[in-house]
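>>> Sharing a sequence plus its predicted fold:
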Amino acid sequence: MKQQSYLYIGIGTVSLTGLSWFFIHRRRKKKLATELLEKLTRLIDPKTSGILTEKAFNPNYYKQIASQRRIQMIRDEVAKQKAREIKNIWGFLYTSDRDVQQLIDMLKVLQDKAVISKLAAAYLDNEKVSLINDIQNNLNTEQIARILSAVSSLPNYTTR
């Protein structure tokens with residue numbers, strides 16, 4: 001009787017361990033597949049899904065992060081000045097690659113996605129149009145892809 005109960009306990013333990021490993025492994029694979037799909041979608045169609053899924057251009061992202069952590073942030077006056085500079089980058093009928101490179105350099109100087117989010121909020125306040133809409137309207141798909149690749153390489157935030 002004792003051997004049989006030990007056998008049942010052993011089989012139960014092995015079964016639970018195997019099931020746990022299976023579900024954890026499956027969840028990890030699903031998460032990796034989702035991340036890969038998001039990155040592929042950004043690369044395939046950067047003008048719509050790529051720019052919309054990038055949290056750096058969300059004007060509320062920096063508020064969400066700032067409520068949870070102490071992060072480095074630019075002052076409101078600096079954000080508004082940078083927003084005016086971005087507005088001046090857009091050409092009347094055409095935005096050249098040189099202008100796009102100027103925008104990329106400006107975004108890289110800001111150092112993280114939370115600061116770019118604050119810039120997007122200042123742009124929305126100044127221009128009454130979101131930065132995402134102006135980027136979609138003024139740039140072609142290749143230029144947007146260049147901006148997304150530069151911004152996606154930045155960290156989400158920098159702590160104090």
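Sure thing, it's come through.
>>> so what pLDDT did the closest residue to Ala66 other than its chain neighbours get?
Distances taken as Cβ to Cβ, 6 or more residues apart in numbering place Met73 nearest to Ala66, at 6.8 Å, with adjacent residues excluded. For the C-beta atoms, the positions are set from N, CA and C on the backbone; glycine is no exception. Reported pLDDT at Met73 in the predicted model: 90.
>>> Met73: what's it in contact with?
Counting by Cβ atoms under 8 Å, 6 or more residues apart in numbering, Met73 touches Tyr62, Ala66, Ala114, Val115, Lys118.
>>> average pLDDT for the biggest helix by length in the chain?
When the chain is parsed with DSSP state H, its longest helix is helix 2-44. Averaged over helix 2-44, pLDDT sits at 75.
>>> quick one, helices of this protein?
With DSSP H as the criterion, the chain has helices spanning 2-44, 51-53, 61-68, 76-89, 97-109, 113-127, 131-138, 141-152.
>>> sorry, back to before: any idea how far Ser117 is from the residue nearest to Ala66?
With distances taken as Cβ to Cβ, to the nearest Å, Met73 is found 10 Å from Ser117.
>>> hey, what's in contact with both of those two?
What both Met73 and Ser117 touch, as defined by Cβ under 8 Å, 6+ apart, is the set Tyr62.
>>> ok, back up a step: pick the most deeply packed of the helices of the chain.
When you average the neighbours per residue for each of these (mean count of other Cβ atoms under 10 Å), helix 113-127 leads with a mean of 23.
>>> Against which helices or strands is that helix packed?
Here helix 113-127 touches helix 61-68, helix 76-89, helix 131-138, going by 3 or more Cβ pairs under 8 Å, 6 or more residues apart in numbering; DSSP states H and E.
>>> Mean pLDDT added to these, as CSV?
Formatted as CSV, those follow (pLDDT from 0 to 100):
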stretch, mean pLDDT
helix 61-68, 90
helix 76-89, 92
helix 131-138, 89
